[in-house]
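K.L.:
fold the stuff below for me.
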Amino acid sequence: MLSRHGLGVVFVALIVSVFMFKQGMPAPQASPVFVCAAKSLPCYLELRGDLFACEPYHIVDAQDLSAVIELVKSVAGKQVLKRYFQTHGVMSGQSIEIKTHVTSALVVECGYMNAGRRIALAIPLHPDQMTREDWQALPGIGGKLSLAIEEDRRLHGSFSSFEQLDRVRGIGHKSLARWEPFFTNSKKKLQSAVICGAD
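P.N.:
As a prediction, this is how the structure comes out:
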């Protein structure tokens, strides 16, 4: 037989059970899951050379790599480009050309669009993906300063970040502040991370 204390516990348990039955059981606590519903950003690719149907160059949104492959004129070129995409993928701002090698084999050569095009398409720049001519696309950089930047990179190694440009003589905080939107805008950072994979 249950004691008075035991009957009280059973009564409370019965009331809680009825309450839970009417209200429903609370959902178990689990780790939150975040789903990114953001619209896919464009992944711009520059196609160069006479093996593309859009010669001498053409800029395409490379989110659909099969559509990019279809722009190649020859079957062999399509196969080479498809293999390249499957192996390497594509990053926004790249420039791709299919060339005939000395051995008559087709090869894919990859580089970067010039800085003017990347700026116009809001693709972030990186100081190690710039040529002397690219530097001159930025406000306030002429031939002398672009040469100093290239010479500094040759002597001291690559710039691992935009902020390291301050090691170049003639570049100060005001210049970095003026150029920062071309390198580090948060929307641009997100876009630079978009890698187009192969189907």
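K.L.:
Asp152 and Gln164 touch, don't they?
P.N.:
No. Using CB atoms under 8 Å, Asp152 makes no contact with Gln164, being 9.5 Å away. All C-beta atoms are positioned from the backbone trio N, CA, C, and that covers glycine.
K.L.:
which residue, neighbours along the chain excluded, lies closest to Arg169?
P.N.:
Among residues not flanking Arg169 along the chain, Ala148 sits closest, at 6.3 Å (CB to CB, 6 or more residues apart in numbering).
K.L.:
what is the helix or strand harbouring that neighbour packed up against?
P.N.:
Assigned by DSSP states H and E, Ala148 belongs to helix 143-156. Using 3 or more CB pairs under 8 Å, 6 or more residues apart in numbering; DSSP states H and E as the contact criterion, the elements in contact with helix 143-156 are helix 132-135.
K.L.:
tell me which residues of the helix it packs on come out buried.
P.N.:
Burial within helix 132-135, assessed by neighbour count using 16 or more other CB atoms under 10 Å, is assigned to 134-135.
K.L.:
is it true that Ala115 touches Leu125?
P.N.:
Yes. Counting by CB under 8 Å, a contact exists between Ala115 and Leu125, whose distance comes to 6.0 Å.
K.L.:
okay, and the common contacts of these two?
P.N.:
Jointly contacting Ala115 and Leu125 under the rule CB atoms under 8 Å, 6 or more residues apart in numbering are Asp134.
K.L.:
can you give me the distance of Ala105 to Tyr84?
P.N.:
In this structure, Ala105 lies at 13 Å from Tyr84, with CB to CB, to the nearest Å as the measure.
K.L.:
likewise for Cys54?
P.N.:
When CB to CB is applied, the distance between Cys54 and Tyr84 equals 18 Å.
K.L.:
low-confidence stretches in this protein?
P.N.:
Scanning the chain for pLDDT under 70 picks out 1-41, 55, 184-199.
K.L.:
ok, which stretches of it are strands?
P.N.:
Defined through DSSP state E, the strands belonging to the chain, from first to last, are 44-48, 57-61, 90-91, 94-100, 106-112, 195-196.
K.L.:
then the second one to CSV, C-alphas only?
P.N.:
If I follow you right, that is strand 57-61. Output of strand 57-61 as CSV, limited to C-alpha atoms (Å, rounded to 0.1, in the frame of the first residue of the first chain):
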residue,chain,number,x,y,z
TYR,A,57,37.3,36.8,-75.4
HIS,A,58,33.9,36.6,-73.6
ILE,A,59,32.8,36.9,-70.0
VAL,A,60,30.2,34.4,-68.8
ASP,A,61,28.5,33.4,-65.6
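K.L.:
strands paired with it, and their directions?
P.N.:
Each strand that pairs with strand 57-61, with its direction, by DSSP bridges: strand 44-48 (antiparallel).
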